[in-house]
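*Asks:* 3D, please:
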Amino acid sequence: MTVGAAFAGMRRVVPVMFKAGCPDCRGRFELAASALRLAIGASSRTTFYSFTCPECGVAVRKPAGERIVELLTGGGVRTLRLHSTV
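*Replies:* So this is what the prediction gives:
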């Protein structure tokens, strides 16, 4: 099989963009999946996503419920699973 035949049915992939907001500067913007990080912990208190505000540079951390986790993981956001040591 040639490389051309292997990729014949593929279409161009459009990067996923996520809408976000900064609680400090109140900026509203779109971020690529590569700009976000998701941490999944044992509880809702330890499950969150984070990013750096492109407008003011502050580190932002927001809680992530089940639906947010589903959207972010489906969109290719890098995920860290936090494990309990107990």
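*Asks:* Which residue would you name as the spatial centre of this protein?
*Replies:* V77 (3.5 Å; C-alpha atoms, centre = their mean).
*Asks:* Report the separation between that residue and R26.
*Replies:* Distance of V77 to R26, computed by C-beta to C-beta, to the nearest Å: 23 Å. To be clear about C-beta, it is placed using only N, CA and C from the backbone, and glycine gets the same treatment.
*Asks:* so the residue nearest to the centre of the chain touches I40, yeah?
*Replies:* No - at 10.9 Å, V77 and I40 do not qualify as touching, with contact defined as C-beta atoms under 8 Å.
*Asks:* what's in contact with the longest helix anywhere in the chain?
*Replies:* Ranked by number of residues, the top helix in the chain under DSSP state H is helix 66-74. Under the contact criterion C-beta atoms under 8 Å, 6 or more residues apart in numbering, helix 66-74 has outside partners F18, A33, L36, L38, I40, T47, Y49, A64, T79.
*Asks:* Filter the residues you listed down to the buried ones and express that as a PyMOL selection.
*Replies:* Buried residues within the contacts of helix 66-74, by 16 or more other C-beta atoms under 10 Å, are selected in PyMOL with:
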select buried, resi 18+33+36+38+40+47+49+64
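*Asks:* ok, back up a step: which secondary structure elements does the next helix or strand after the longest helix of the chain sit against?
*Replies:* For helix 66-74, the following helix or strand on the C-terminal side (DSSP states H and E) is strand 78-81. Applying 3 or more C-beta pairs under 8 Å, 6 or more residues apart in numbering; DSSP states H and E, one finds that strand 78-81 makes contact with strand 37-40.
*Asks:* Contacts for the helix or strand just after the strand it packs on, please.
*Replies:* Counting by DSSP H and E, the next helix or strand C-terminal to strand 37-40 is strand 48-52. Residues from elsewhere that reach strand 48-52, judged by C-beta under 8 Å, 6+ apart: 20, 31, 35-39, 41, 58-64, 68, 72, 77.
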